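K.L.:
got a structure for you, letters missing:
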Ligand code: TRP
């Protein structure tokens, strides 16, 4: 079985809060411990520059987020944990991708459109205050993902469109220059709750209602005491439904603990006592990690070293891959002979794989020869990743056809083998 490559980035623009912990950090650290995955986690500091114009804050946030992930149990020996700006190949790939990205597609990005709509409503120029960085955000993100040929990208729902764009961009590049990129998929954690903040709305920096994950104990307590509740007096039964306090508790407590608090609600627990219960439960999970966090924050040099080691690991992939991509697009030494296999004008002279999606929702590919004659046709795959894995298997061992692939009626078996060997040689 091939291992699944999972990759996700965290923009270094703020301080991690309980919502980030429950929604992203905790599930991700757990998933990274599975042996069937190869994980890449990175600090998206190039992305931070799009929203943050304060250098000290970018640096501080990078340190805080790195320390948080490590304190929450991310093992840098098991995963590849790095800082985006330590990988100079990322901006280079961003440019290659920029050149195959339709501007019209970027015009339709939700974040960009929201800015335009806001301006229009305020009677401003549509692009008022919009930087080219904001506009290009999806392309930079596509470079993050495609550089490591990630199969799965765990993200929040608001990021799904970005993953779709990354797939589109990858297809355009592959179409023009050959199959270099895996088409990534978004992995949405369906059962992860969105945490309410202090005021009951979704916990979010933009609502200013967050509880910092590693607030010192006394500050954590103070914040929890400030959670909005209704005005029911002690002794009066309370509703768990719509209670931010209850939802916060549920995100940390076991099923039995949660049931016990529900009973206490029905029996009229005082809000102050319920907050005390919540505080103690949260602190029980957080305190040991907080201790590690505080140690790490005192030693930025150690974190810097960890990130540099992660960058070396990431670049062991990114550097040779970029060399291959530079060659593919024609940025080549002038005395290198053009193999004629990947550039657009001569592309028709080589066999190629075509990946596509049918109306049935499944993913397919076919292999055609230099003249466009059909050689192989795949059956449907549930995901582009499965289709990609099958293509890779074909390229690695041209002599054996996997069961998901059918040879075209008028194609000879040595014709097929020859065409497949083309890819094997191409890689060497
Ligand atoms: N845009 C993501 C967010 O704001 C952060 C991010 C940057 C990212 N590059 C990525 C996430 C690549 C996944 C993959 O949440």
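P.N.:
Looks like it came in fine. Keep in mind that this is a model prediction, so the values were computed, not measured. Numbering: from 1, shown residues only.

K.L.:
buried sites along stretch 299-315?
P.N.:
If you call a residue buried by 16 or more other Cβ atoms under 10 Å, then stretch 299-315 has these buried ones: 303, 306, 307, 310, 311, 313, 314, 315. For glycine as for every other residue, the C-beta is placed from the backbone atoms N, C-alpha and C.

K.L.:
of all the residues you listed, which two lie farthest apart?
P.N.:
Greatest spatial distance in the buried residues of stretch 299-315: 303 and 315, 18.4 Å, computed using Cβ to Cβ.

K.L.:
follow-up on the earlier one: may I see the buried residues of stretch 299-315 arranged in JSON lines, with distance to the ligand, secondary structure and pLDDT as well?
P.N.:
Putting these into JSON lines (distance: Cβ to the nearest ligand atom, whole Å; DSSP: H, G, I helix; E, B strand; the rest coil; pLDDT from 0 to 100) gives the following:
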{"residue": "303", "distance to the ligand": "20", "secondary structure": "helix", "pLDDT": "97"}
{"residue": "306", "distance to the ligand": "20", "secondary structure": "helix", "pLDDT": "97"}
{"residue": "307", "distance to the ligand": "16", "secondary structure": "helix", "pLDDT": "98"}
{"residue": "310", "distance to the ligand": "15", "secondary structure": "helix", "pLDDT": "97"}
{"residue": "311", "distance to the ligand": "16", "secondary structure": "helix", "pLDDT": "98"}
{"residue": "313", "distance to the ligand": "17", "secondary structure": "helix", "pLDDT": "97"}
{"residue": "314", "distance to the ligand": "13", "secondary structure": "helix", "pLDDT": "97"}
{"residue": "315", "distance to the ligand": "17", "secondary structure": "helix", "pLDDT": "97"}
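
K.L.:
low-confidence ranges in the chain?
P.N.:
Within the chain, the ranges that satisfy pLDDT under 70 run 1-2, 190-192, 338-349, 425-428.

K.L.:
can you list the domains in it?
P.N.:
Here the domain parsing of the chain from automatic domain parsing is 4-194+299-327, 214-296, 349-427.

K.L.:
mind checking how far the first one is from the chain centre?
P.N.:
Here domain 4-194+299-327 shows a centroid-to-chain-centroid distance of 6 Å under the convention Cα atoms, centre = their mean, to the nearest Å.

K.L.:
same deal with the second one?
P.N.:
The chain centre lies 31 Å from the centre of domain 214-296; the measure is Cα atoms, centre = their mean.

K.L.:
and for the single nearest residue of the chain relative to the ligand, nearest residue in space, chain neighbours not counted?
P.N.:
Nearest residue of the chain to the ligand (Cβ to the nearest ligand atom) works out as residue 9 at 3.2 Å. Counting by Cβ to Cβ, 6 or more residues apart in numbering, residue 9 lies nearest to residue 44, which is 3.8 Å off, once chain neighbours are set aside.

K.L.:
ok so, going back, most packed of the domains of the chain?
P.N.:
Comparing these by mean neighbour count (mean count of other Cβ atoms under 10 Å), domain 4-194+299-327 comes out on top with a mean of 18.

K.L.:
now do the same end-to-end measure for that one.
P.N.:
Domain 4-194+299-327 has an end-to-end distance of 27 Å (criterion: Cα to Cα, to the nearest Å).

K.L.:
with stretch 373-381 instead?
P.N.:
Taking Cα to Cα, the first and last residues of stretch 373-381 lie 22 Å apart.

K.L.:
re earlier: pretty sure the residue of the chain closest to the ligand contacts residue 147?
P.N.:
No - using Cβ atoms under 8 Å, residue 9 is not in contact with residue 147, being 11.2 Å away.
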